[in-house]
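In: here is my input, please return the structure:
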Amino acid sequence: MHFTTFPLALSSLLFISCFNSVQVAPAPAPNATNPMATFHALSANDINGNPVQMSQFAGKKLLVVNTASECGYTPQYKQLQELYEAYKDKGLVVIGFPCNDFGGQEPGTAQEIEQFCQKNYGVTFPLMEKVRIKGNDPSPVYKWLTRKAENGVLDADVKWNFHKFLINEQGHLVKVLGSGIEPGDEEIVSWLNG
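Out: Have a look, this model is predicted:
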C-alpha cells in the first residue's frame, strides 16, 4: 500500500459524504422566548421582488433548497420540478432560493435566473430573490434554517448548492439533506407519503 493514497482516499470519502449527509431534527420543543419558532413567521421576497409571507404555506410540506444555475447539481432543477408536479396536489411546495455563495455558481440577475429555470427546466415552483447564506449577514430564512437558536431543533451547515431542508405542515424543521441527496430520493418521498 502506498502511504499517500490512503489520506487522499479518506479525504475524497469525507468530501462525498458531506454532500450526501442527512440530519433528522428531533421533535421541536416549545420555545415561548423565540418568536421565530416556526418557518411560518418568516417572510422573503420572490424573484420579482414581491414580499411573500411564509405563513401562506401553513398546512403544507415544504422543501426549501438553495439553487444555482452553473453547478454540477443544477440538473436537480428538473427533479425538483418533477417532485413538485407529482406532490403539489398532496400539499408539497418547493421553494428555491438562488444563491451565489458557493463557488460563484449563480451570478445571474433575477430575470436571467428566472428565464434560465423556465427555459431549461420548466420550473413553476416558487423562486425567491437571490440570498446570502454564508458570512455575517445571511438571509433571515437561512438564519432560521441553520441555527438551533432560531428554529428550535438543530444547527445545520449548508455546504454547497442544492442543500435541502424539509419543513412540516406546522412550520417545524424536520430534516436536512445534503446536495447529493436527489429530490426523488427515498428519504424525501417517504416523508412526503408519511
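In: alpha carbons only for contacts and neighbour counts from here, please
Out: Noted.
In: residue closest to the middle of the protein?
Out: With distances taken as Cα atoms, centre = their mean, V65 lies nearest the centre of the chain, 2.2 Å away.
In: OK, contacts around that one?
Out: V65 sits next to V94, I95, G96, F97, F162, H163, K164, F165 when contact means Cα atoms under 8 Å, 6 or more residues apart in numbering.
In: report how many residues lie close to N50.
Out: 10 (other Cα atoms under 10 Å).
In: equivalent analysis for the one 4 residues further on, please.
Out: A count of neighbours around M54, defined by other Cα under 10 Å, yields 16.
In: please apply the same query to D157.
Out: 14.
In: now which of the contacts of V65 would you call buried?
Out: V94, I95, G96, F97, F162, H163, K164, F165 (16 or more other Cα atoms under 10 Å).
In: what secondary structure does the second one sit in?
Out: Okay, so that is I95. strand (DSSP: H, G, I helix; E, B strand; the rest coil).
In: thinking again about what came up before, confirm the residue nearest to the centre of the chain sits in a strand?
Out: Yes - using three-state DSSP, the assignment for V65 is a strand.
In: dig out what it forms beta bridges with.
Out: Using DSSP bridges, the bridge partners assigned to V65 are G96, K164.
In: what about the helices in this structure?
Out: Applying DSSP state H to the chain gives helices spanning 5-19, 76-87, 110-121, 140-146, 148-151, 186-193.
In: what sits up against the fourth one?
Out: In this structure, residues lying in contact with helix 140-146 by Cα under 8 Å, 6+ apart are 36, 39, 42-44, 133, 150-151, 154-158, 165, 173.
In: can you rerun that using 7 Å?
Out: L42, I133, E150, N151, D155, A156, D157 (Cα atoms under 7 Å, 6 or more residues apart in numbering).
In: count of neighbours near the third one?
Out: Around E150 sit 22 other residues, with neighbours defined as other Cα under 10 Å.
In: how close does it get to V141?
Out: 10 Å (Cα to Cα, to the nearest Å).
In: residue ranges with poor pLDDT in the protein?
Out: Low-confidence segments of the chain, defined by pLDDT under 70: 1-19, 21, 24-36.
In: one step back: pick the one among the contacts of V65 closest to Q53.
Out: Nearest to Q53 out of those is I95 (Cα to Cα; 12.5 Å).
In: contacts for stretch 70-88 next, please.
Out: Under Cα under 7 Å, 6+ apart, the answer for stretch 70-88 is 68, 92-94, 105-106, 121, 123, 125, 162, 182-184.
In: how about stretch 130-139?
Out: The contact list for stretch 130-139, computed with Cα under 7 Å, 6+ apart, reads F97, P98, C99, D101, Y142.
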